[in-house]
Structures are given as C-alpha cells and as structure tokens.
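Participant: 3D, please:
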Amino acid sequence: MTPLTDSDSVLRSVGATRLAALCGLLWPILAVTRLPLTGEPDLPGWTETPEAIVAFYRDSSFDGQFVAGVGLVTLGYMLLLVFVSKLSVLIGEDRNGAPWLGRSVLAFAIVSVIASVGYLMAFATAVFWSSHGGLGDDGYLVLHGLSFAAYWAVLPADLMLGLTLGGAILLTRMFPRWLGWAMILTGVAEGVSWFASPDAWNATSGLPYVWFLIAAIIVLRKPEEYVSR
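Facilitator: Numbers count the residues shown, from 1 in each chain. Coordinates of the predicted model:
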C-alpha cells in the first residue's frame, strides 16, 4: 500500500470537514421537513384538555408519511452529532479553547439528542397504537405526558449547548463573534421562555436551527480553514 503524502492527508481532512459541514447543513432541513409529515404543528400542548389530547391521537395515522417524517428527523439528529463532534474537536485544539470545553459542547448535544429521540418515540408510539387497535384514554394521556417530559429535558440541554458553544465561539473565534453572541442570547431567551407560553418555548427553541445552519454554511464554504490536527 502506498503511504499517504502530506497533500493526500490534507485533501482527505478537507473532505471529512466538508462532509461534517454537510451533516450540519442537513440537520435543520430534515428537522423542519418532518413537521408537516408528522402533524406535530397540531400536537396539543400539556395545557390542553384530556379530551383534546385523546382526540388528536385517535385522529392521527401511523402511515408511510408519518414514518418518513420520524425517520428524517431521527437521521437529522444523528447528523447533528457528527457536526457537533467536529466542532468539539476544533474547540479542544484551539490555543484559546480547552478539551473540556469541547467535550462539554458534545456532551450537551448528546443529552439533547437522546431526550429529543425520547420525545419522538413516545409521540410515535401513541400514533402507532391509534392505527393498530387503539388505546384507552389513559394510555394516550400517559404517552403524551412522557413525550412532553422528554421535551422538557431537551430545553435545558439546548440552553446549555447554546451557552457553551456560543462561549467557545467567542473564545476561539472559530466563527464570527456575532454568531457566538446569538447563541448565548438565544440560550438566555430559552431560559426566560420557560416561564411563558408553549408558543414562546417553540419560538426560542427554533432559533438554534438557524445558527447551526449558518455555522455549517461557513464551514462548507471554507473547509480548509476548519481542518483539525
């Protein structure tokens, strides 16, 4: 086998960086695409009446469209971890960064993804049974409660991910400083939104999609500047 030259190694590193950026680009796209497929925009909140919650699930359908939506967003979360893993390495290697800071960013992302998948699985299970014999009212209410319990776990994880990654950007300047401040301010807004309505939760939790999309585009445009050692 012919040994790799320095130029070969660099090219492969640039290719891997471009692939990681593509993963970061696809995550928000897939996450948003799943909404009309799964019917989540109409999902009742935890303040809705039990009758409204049960009616929603009884009217839902575990069809190919729904399965495609769940599959797309699950894939999107896996791609997010690939992108964040790349960022965590870059943070740890920067002279102004630190390995523990990069690991913290990745750890909060992992917790967020695990909780998000838990939310999806509880939601999908309730929809599955609606098309396979149905459940009693209490069954739907329990699964609905579990899905929102997982969603509540996502919120603090996303908050900490935004604060740590935003702080790391300010420290390392791996991205424009305004992007770091945007992530930090979004994290603060997410914390404040906990005391507001569910609509405020959804609005603030949607902003990180935009910031990650911008970060991925920046890396994709100049991957050679984000090659790790």
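Participant: okay, CA-based contacts and neighbour counts for the rest of this
Facilitator: OK.
Participant: Now the lengthiest helix in the chain: average pLDDT?
Facilitator: The longest helix of the chain (DSSP state H) is helix 137-172. Here helix 137-172 scores 92 as its mean pLDDT.
Participant: After that helix, which helix or strand is next? Please name it.
Facilitator: Downstream of helix 137-172, the next assigned helix or strand under DSSP states H and E is helix 177-193.
Participant: List the contacts of the residue nearest in space to the middle of the chain.
Facilitator: With distances taken as CA atoms, centre = their mean, the residue of the chain nearest its centroid is residue 77 (5.5 Å). Residues in contact with residue 77 (CA atoms under 8 Å, 6 or more residues apart in numbering) are 27, 31, 113.
Participant: Quick one: residues contacting the second one.
Facilitator: Listed by CA under 8 Å, 6+ apart, the contact set of residue 31 reads 72-73, 76-77.
Participant: what's near enough to touch the residue lying closest to residue 175 once chain neighbours are set aside?
Facilitator: In space, and not counting its chain neighbours, residue 175 is closest to residue 169: 6.0 Å by CA to CA, 6 or more residues apart in numbering. By CA under 8 Å, 6+ apart, the contact list for residue 169 reads 175-177, 179-180.
Participant: What is the end-to-end distance of stretch 60-67?
Facilitator: End-to-end distance for stretch 60-67: 12 Å, by CA to CA, to the nearest Å.
Participant: That concludes my questions; thank you for your assistance.
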